[in-house]
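Chemist: Generate coordinates for the sequence data below:
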Amino acid sequence: MLSASVNGITTERAALAPRLVRAGLLTAVIDGLFSSVLSVFFYNSSVTRLFQGVASTILGKAALDGGATTALIGITMHVCVAFGWSTVFLLLTLRSAWIRKLLAEPFGVLRIACVYGPCVWLVMSLIVVPLLLRRSPTINIRWWVQLIGHAPFVGFPIVASIAGNGRSWTSGA
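Modeler: The predicted model follows:
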């Protein structure tokens, strides 16, 4: 098998792809369900409207009237973002001995997830989405719910999936 050496750590390339796929898919599903439950039960909206809203960040306000087509575009965007942030964490892990060491420690995955998930929300809500929409974010109770919810529903599936058993990062496998 092909191997890659990053900062003295040898990893099997073939072992990284399943971790990345698992992280992206789990995060897309778990975060999608979290946001869908909030939309339907707490925000008196619909799942279709949620993902039309996601699509509207690149398609504009017309996406909100686009029916199932723009909702599917929003779902696709959501999945791509989940894979993007999973890739970022994989690269950070490959490049940082400190992260790899922390992943192998008791509760290391949880500790990193509690930081990484909210960081994802901060970057998306304070930089990416405002740049796309050309407007400042609205920081209200929904924003804070998302910030806190990103630890278990985004950070944890990404970090746990990429970490694997944790020991593999310190043993070089």
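
Chemist: make it CA atoms for all contacts and neighbour counts henceforth
Modeler: Fine.

Chemist: Show me what counts as buried in stretch 123-141.
Modeler: Across stretch 123-141, burial judged by 16 or more other C-alpha atoms under 10 Å covers 125, 129-130.

Chemist: Now do the helices in this structure.
Modeler: 13-37, 47-59, 67-95, 97-104, 108-123, 129-133, 141-150, 156-163, 167-171 (DSSP state H).

Chemist: neighbouring contacts of the fifth one?
Modeler: The set of residues external to helix 108-123 that reach it, using C-alpha atoms under 8 Å, 6 or more residues apart in numbering, is 85, 102-103, 146-156, 158-160, 163.

Chemist: residues touching the closest residue to A62 other than its chain neighbours, list them.
Modeler: The spatially closest residue to A62, leaving aside those adjacent along the chain, is S56, at 7.1 Å (C-alpha to C-alpha, 6 or more residues apart in numbering). Residues in contact with S56 (C-alpha under 8 Å, 6+ apart) are 62-64, 74.

Chemist: change it to 10 Å
Modeler: 50, 62-66, 70-71, 73-74, 132-133 (C-alpha atoms under 10 Å, 6 or more residues apart in numbering).

Chemist: where's the residue nearest in space to the middle of the chain relative to P18, distance?
Modeler: With distances taken as C-alpha atoms, centre = their mean, the residue of the chain nearest its centroid is A82 (4.1 Å). Shown here: A82 relative to P18, a distance of 15 Å by C-alpha to C-alpha, to the nearest Å.
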